[in-house]
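Student: have a look at this fold, sequence not included:
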């Protein structure tokens, strides 16, 4: 990462989030029924995209001079909600809970429920964050 150009860290992380979110959106917007392997891939893409999303928020908040203590995903989500970076803090907290559960357990019912939740709720809030940072990135380029 070339930090000599004064590009904020969040912009670098956002470029990774753009790719991860695009791959998640592509997988979740498929019209065909997903195989078990494809569902597992969707969960993995969700986990990657979620991880990058909260870290972009963290980097952005820090670039705005905010101190996050203790530094946890839940605290970052709360602060991002307060700063109006994200609109629905509760859905983000639900997504955090789902990410944590899917990283540590393999329960078929929870797996299916998480896929449904990504489609019905999580993808939309992640897109909201994507759009927020896309606009901020465009402002930065001006």
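Tutor: Sure thing, it's come through. If you're wondering where the values come from, they're calculated on a predicted model, not measured in any experiment.
Student: going by C-alpha atoms from here, please, whenever you check contacts or count neighbours.
Tutor: Fine.
Student: any chance you could map the helices in the protein?
Tutor: Secondary structure of the chain (DSSP state H): helices at 9-28, 36-63, 73-82, 89-104, 108-117, 123-141.
Student: and the first one, what does it pack against?
Tutor: Applying 3 or more CA pairs under 8 Å, 6 or more residues apart in numbering; DSSP states H and E, we find helix 9-28 packed against helix 36-63, helix 123-141.
Student: can you put those in TSV and add mean pLDDT?
Tutor: TSV is the format used below for the helices and strands packed on helix 9-28 (pLDDT from 0 to 100):
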stretch	mean pLDDT
helix 36-63	95
helix 123-141	95
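Student: of all the ones you listed, which one is nearest residue 84?
Tutor: Residue 84 sits nearest to helix 123-141 of all the helices and strands packed on helix 9-28, at 9.5 Å, using CA to CA.
Student: so how far is the closest one off the chain centroid?
Tutor: Mean C-alpha position of helix 123-141 versus that of the full chain (CA atoms, centre = their mean, to the nearest Å) differs by 11 Å.
Student: please apply the same query to stretch 8-21.
Tutor: Stretch 8-21 sits 10 Å away from the centroid of its parent chain (CA atoms, centre = their mean).
Student: residues contacting that stretch, please?
Tutor: 1, 45, 48-49, 52-53, 55-60, 63, 126-127, 130, 133, 137 (CA atoms under 8 Å, 6 or more residues apart in numbering).
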